[in-house]
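1. pasting the structure only:
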């Protein structure tokens, strides 16, 4: 124990030292240390900052939302003061409904302070409100379902559509509504305010429906509109009951409290519903109306729907037909005309309306050979034709839509043959049963044996199908888009990338609208007059078109750059239910039961058959023109399309035509001019001259002798030379085998073939060959025979 030495541990206890500082020091010690000095506090440091609780933060956000909402409503209210009158269209949706009667009720209402009649069933009215700013201006229109072309034109531009029902009619009586519903589904719905009127014999109070019966009728009509895909909710489209003139205030309140929403395809457009169109000089046409949509660019061309494309040489303001007092205080151009634009015909600042073949383009190279990132500059200088002129010059036609239309329709004097066609073309719709049976058999063959053709016996197959060639795969095989182009391609426009060009042009127009330095912008809501220059050679034709459209309100549209040019336009279209029901109604009961096919795939009348290259009227947005489209379907999401001969009833297809370069999005309506009814609807797919449409022909043969994967095939060809000509092309069978031709056997069309598997004797051997096809140009005589409505 004496040798033991104690060593202290390293883990000894250490007490926490006293923290002397501002936090723990006393006031006296801090005062002694400061010795009278005062510490400066930066401005960025906020003292006594009180944190807000959750309730205060929610209340602050609520106040901000309310302020933004009130600001937006105030902005809309001020914009409504200078905006154009609301276009209210009354349309009968039942067989016995009378839209003109409702039109007269509104004009006789005490709410109407003033009104001015322009055309028949076309009135401007001013409706009083609680204050002068709350008053509402309408452009009231009503139509009959007999004039379907006018119904389509007015549905395109209407802000509010008022379907007129009768309260005691059932859903089976909605036949007139079918046409309007197809148009509304295609063009888009701005605002629907249905009206349920009572017949004149049931307008006595003791004979009206009870409340629960009326509620059931209103719900039934609203559900009908929802089922037809023109409304989303039943509560939004419940009809307003009208039994006497005093209930008109409900309709006025419904229009005044709901802000119309324009369809998307109209947002990038400036358009005018012409109140008057008249000749003011020998070659000057005047169109007067309100600017609607986006502001109008003065240096753009103007398109009159159904007439053509013109250059405005003068634009002036005009006195409004139904003004507001509040507008007079802020606009001094009401009583006096003010010249906005004045130019000369052929002004180079406008987008050229002349044929680009008048320019020297013979030495220009194709755009693909020297295309760079700024390709749109070359497009603006018309340097984008990849189809140079050839030595023969007889296909130099104008690419301008209006000039092409005029030269396709204008003669010095129509010939006697054309006059006879004008008189007797209605008799073409009367087709006998033999022709109907022929068309039905042709469609049956196309459905059961698609694209199959018999090899001719009177001429060699290599001569009959010399323009066709074989492909290993329709979807994956290459096809040169610049090879074997038709002469019509010298008359059209080609864009390296149309979507990029369209986006750049719209961006430039938006920039011009934001920075209006030169005063070339006409604001929406102004009442102006356009003075349009008409060439001397075209005046008689334009005058005849005005006589044909006498009494109608013409629509004037501001065109984007290069929209007057022609190119190859592709549409997505589908046959309408309205046209399908007409086919069922025309059925005469003469059906053959040789094949078990669904009856909805066969025509009920010869007039219901629509073939490729048939003459049709196309309405693409505001544009109207005749065309001969070719129909096709996509193949495995490939850029190549496969041609089909008939327009099917229940399938979305692609229709390709020669037409003006309308900027998408734009709805499409297809009308048969000989019958004047809607047959298909859709939208623009693309504008592309390089899109390839291939027509397929299938030659079939039958096995004569079979040994495992080898076979001798006959009846596909009938001579040795044809077999050697088509030997490189692949074979296929209807049971899924692939093969090729090895060699001919003898001289009568027998040939040895080898396949990738065992072949059965009941199989059919096929060979597919393809040819590129193009749309067909419309002739002058056809424009004379079927004028646009």
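-> Great, that's in hand. This is a predicted model, so every value here is computed, not measured.
2. Mind checking what secondary structure residue 56 has?
-> For residue 56, the secondary-structure state derived from DSSP: H, G, I helix; E, B strand; the rest coil is helix.
3. Identify each buried residue in the helix or strand hosting residue 225, please.
-> Assigned by DSSP states H and E, residue 225 belongs to helix 211-227. Buried residues in helix 211-227, defined by neighbour count with 16 or more other Cβ atoms under 10 Å: 214, 217-218, 221-222, 224-226. (Glycine included, C-beta is placed from N, CA and C.)
4. Report the distance from that helix to the chain centre.
-> Distance, stretch centre to chain centre, for helix 211-227: 31 Å (Cα atoms, centre = their mean, to the nearest Å).
5. Then stretch 746-754?
-> Averaging C-alpha positions (Cα atoms, centre = their mean) puts stretch 746-754 53 Å from its chain's average.
6. which residues sit against that stretch?
-> Stretch 746-754 has contacts (Cβ atoms under 8 Å, 6 or more residues apart in numbering) with 704, 709-720, 722-723, 731, 739-745, 765.
7. Name the nearest residue to residue 614, ignoring sequence neighbours.
-> Distance criterion Cβ to Cβ, 6 or more residues apart in numbering; nearest residue to residue 614, sequence neighbours excluded, is residue 628 at 6.7 Å.
8. So which residues lie in contact with whatever helix or strand residue 116 lives in, not counting its own?
-> Element membership for residue 116 (DSSP H and E) is strand 112-119. When contacts are taken as Cβ under 8 Å, 6+ apart, the neighbours of strand 112-119 outside the stretch itself are 106-107, 123-128, 135, 275-276, 321-322, 551-553.
9. got the contact list for the residue nearest to residue 614?
-> When the contact criterion is Cβ under 8 Å, 6+ apart, the partners of residue 628 are 613-616, 657, 775-778.
10. Chain neighbours aside, what residue packs nearest to residue 197?
-> residue 242 (5.0 Å).
11. how near is residue 485 to residue 568?
-> Residue 485 sits at a distance of 11 Å from residue 568 (criterion: Cβ to Cβ, to the nearest Å).
12. Then residue 632?
-> In this view, residue 632 and residue 568 are 12 Å apart by Cβ to Cβ.
13. joint contacts of these two?
-> Common contacts of residue 632 and residue 568, defined by Cβ under 8 Å, 6+ apart, comprise residue 656.
14. Could you list the low-pLDDT ranges of the stretch 351-500 of the chain?
-> For the stretch 351-500 of the chain, applying pLDDT under 70 flags the ranges 351-433, 436.
15. Using the record's assignment, carve this protein into domains.
-> For the chain, whose domains are defined here by automatic domain parsing, the residue ranges read 73-261, 566-693+776-785.
16. quick one: which of those is nearest residue 494?
-> In this view, the domains of the chain are compared for proximity to residue 494 by Cβ to Cβ, and domain 566-693+776-785 is the closest at 4.8 Å.
17. tell me how far the ends of the closest one are from each other?
-> Between the opening and closing residues of domain 566-693+776-785 lies a distance of 22 Å (Cα to Cα, to the nearest Å).
18. returning to what we had before: what's the separation between the residue nearest to residue 197 and residue 88?
-> Counting by Cβ to Cβ, the separation of residue 242 from residue 88 is 15 Å.
19. Looking only at neighbour counts, state which of the two leads.
-> A side-by-side neighbour count of residue 242 and residue 88, using other Cβ atoms under 10 Å, places residue 88 first with 25 against 20.
20. before we move on, the earlier item: which among the contacts of stretch 746-754 end up buried?
-> In the contacts of stretch 746-754, the ones that pass as buried (16+ other Cβ under 10 Å) are 710-714, 716-718, 720, 722-723, 731, 739, 741, 744-745, 765.
21. Inside helices: which ones of the residues you listed?
-> 720, 722-723 (DSSP state H).
22. mind putting those in CSV, pLDDT included?
-> Rendered in CSV, the data for these read as follows (pLDDT from 0 to 100):
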residue, pLDDT
720, 92
722, 93
723, 94
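23. tell me which of those residues is nearest to residue 557?
-> Checking those against residue 557 by Cβ to Cβ gives residue 722 as the nearest, at 55.2 Å.
24. of residue 485 and residue 568, who's got more company?
-> residue 568 (23 against 14).
25. Which elements pack onto the helix or strand hosting that one?
-> Using DSSP H and E, residue 568 sits within strand 566-575. Under the contact criterion of 3 or more Cβ pairs under 8 Å, 6 or more residues apart in numbering; DSSP states H and E, the helices and strands touching strand 566-575 comprise strand 616-620, strand 653-660, strand 667-672, strand 677-687.
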